[in-house]
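>>> The following block contains a protein sequence and its predicted model.
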Amino acid sequence: MLPGSVTLTEVAAAAGVGESTASRVLRNHGSFSQATRERVLAAAAQLGYVPNRIAGTLASAGSNLIGILIPSLTNIVFSDVLRGANAVIDAEGFQAVVGVTNYDPRREEALVASMLSWRPAAMMVAGLEHSERTRALLAASGSRVCELLDIDGPGLDLVVGFSNEGAGRAAARHLLARGYKRFGYLGRDFGRDTRAGKRYRGFVETLREAGLTLADEEIVPVSSSIEAGRVGTDRMLERTPGVEAIYYANDDMAIGGYFHCLANGLSVPSQLALFGHNGLDVGRFAPQVMSTIRTPRVGIGETGMRLVLAGASAQTVDLGFELVEGETA
């Protein structure tokens, strides 16, 4: 279990002021000096304090809330995770409050602070990488924390997902076994999509172990999409026409690469092999089944929520992934 919630009394003591003074500063209401304000805010930040929005109401008023933060609403991966979690929530009488971070650590931090002010029973967040303040807020909240979709690293409490680095390695091994030697990678900024960065690392390290390196890579400055995949594939092949196989950060981009091949008369996989990630339906029903890694997204949401509501001890649950050989690589 995580430590108990940090109280206003503790903040006031750390700042060397009375509780009423600390309250005025944190509510930004009433009179206090600038020096006092700075001391109180510094103490609150250091302790990971968030205000209690339900103070003065029934103690159980917020106990049925579950905060869920996802990076995107447009990516079906996160919709699937929510679908799994929501199936459990509905059956147990809890209420989900959902926030969208847009892969922005600062936005995640603000949303975590806002949600924790309602004293939720639990917080579910995507990934293991968070800002220092976000980690401090979650650790000091007293709420259960469940981190989803990744197991490559230490967690705060409950962790449910699969190895992204392992998925990258599996993709590389599959392509190497098919005899490809000149590889490209197409994805987005790893600073925002840290899980894609882990897959990239696993992929590149497996190539290196085989005595190979990437022939080219394209990191797009926009969100993952079919359009970004098509445009990025065009750019890469313009620069490096000898690329034999492209590993994409996800199926959306891989489908974009597939559309590029269809539009330009490139035979898949004989002229260009394509490998994605996630195992989305759009790849399964394409004219050629997409070669990809299928991830258990609904199961991750269901398992994470069941562990939270069961009061399970802190643990990491690896639900694994499935390599889909497909027809594009």
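Sure thing, it's come through. Residues are numbered from 1 along each chain as shown.
>>> care to break this protein down by domain?
If you go by automatic domain parsing, the domain ranges for the chain are 8-47, 65-161+297-319, 164-294.
>>> need these in JSON lines with mean pLDDT and distance to Gly326, can you?
Backbone N, C-alpha and C define where each C-beta goes, glycine included. Formatted as JSON lines, the domains of the chain follow (pLDDT from 0 to 100; distance: least, C-beta to C-beta, whole Å):
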{"stretch": "domain 8-47", "mean pLDDT": "85", "distance to Gly326": "49"}
{"stretch": "domain 65-161+297-319", "mean pLDDT": "94", "distance to Gly326": "18"}
{"stretch": "domain 164-294", "mean pLDDT": "96", "distance to Gly326": "3"}
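>>> right, and these - which one's nearest Glu325?
Within those, the stretch nearest Glu325 is domain 164-294; the backing value is 6.1 Å (C-beta to C-beta).
>>> for that closest one, the distance to its chain's centre please.
A distance of 20 Å separates the centroid of the chain from that of domain 164-294, by C-alpha atoms, centre = their mean, to the nearest Å.
>>> measure the closest residue to Gly311 other than its chain neighbours to Leu65 for me?
Counting by C-beta to C-beta, 6 or more residues apart in numbering, Gly311 lies nearest to Arg144, which is 7.8 Å off, once chain neighbours are set aside. Distance of Arg144 to Leu65, computed by C-beta to C-beta, to the nearest Å: 12 Å.
>>> Among those two, which residue is more densely surrounded?
Legend: neighbour count by other C-beta atoms under 10 Å for Arg144 and Leu65, higher for Arg144 (23 against 19).
>>> The strand or helix carrying Thr134: what's the following helix or strand?
For Thr134, the enclosing helix or strand under DSSP states H and E is helix 132-140. Next helix or strand after helix 132-140 toward the C-terminus (DSSP H and E): strand 144-148.
>>> show me where the chain has helices.
Assigned by DSSP state H, the helices in the chain fall at 8-15, 19-27, 34-47, 76-92, 105-116, 132-140, 164-177, 194-209, 226-239, 251-263, 281-284, 297-310.
>>> List the beta-bridge partners for the residue nearest to Gly311.
Beta-bridge partners of Arg144, counted by DSSP bridges, are Ala122.
>>> Is it in contact with Val125, as I believe?
No. Checked against C-beta atoms under 8 Å, the pair Arg144 and Val125 is beyond contact range at 11.5 Å.
>>> list the contacts for Ala113?
The contact partners of Ala113, by C-beta atoms under 8 Å, 6 or more residues apart in numbering, come to 50, 137.
>>> Same question for Arg195.
127, 149-150, 164.
>>> which of the residues you listed has the most neighbours?
Most surrounded of the contacts of Arg195: other C-beta under 10 Å gives Asn164, at 28 neighbours.
>>> That one against Asp150, yeah?
Yes. Look at Asn164 against Asp150 with C-beta under 8 Å: they come within range, at 5.6 Å.
>>> shared neighbours of these two, anything?
Common contacts of Asn164 and Asp150 (C-beta under 8 Å, 6+ apart): 195, 198.
>>> Now the phi/psi pair for Gln49, please.
If you look again at residue 49, you'll see it is Tyr, not Gln. The phi/psi pair for Tyr49 (degrees, to the nearest 10) reads phi -80, psi 140.
>>> That one: neighbouring residues, count only.
Using other C-beta under 10 Å, Tyr49 is surrounded by 26 other residues.
>>> where does it land on pLDDT?
We note a pLDDT of 81 for Tyr49 in this prediction.
>>> so who does it touch?
Tyr49 neighbours (C-beta under 8 Å, 6+ apart): 6-8, 10-11, 26, 43, 140.
>>> got it, and Ser223?
72, 74, 103, 188.
>>> Inside strands: which ones of those?
Arg188 (DSSP state E).
>>> how about a markdown table for the contacts of Ser223, with neighbour count and distance to Val81 added?
A markdown table is the format used below for the contacts of Ser223 (neighbours: other C-beta atoms under 10 Å; distance: C-beta to C-beta, whole Å):
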| residue | neighbour count | distance to Val81 |
| --- | --- | --- |
| Ser72 | 17 | 11 |
| Thr74 | 12 | 14 |
| Tyr103 | 21 | 15 |
| Arg188 | 23 | 19 |
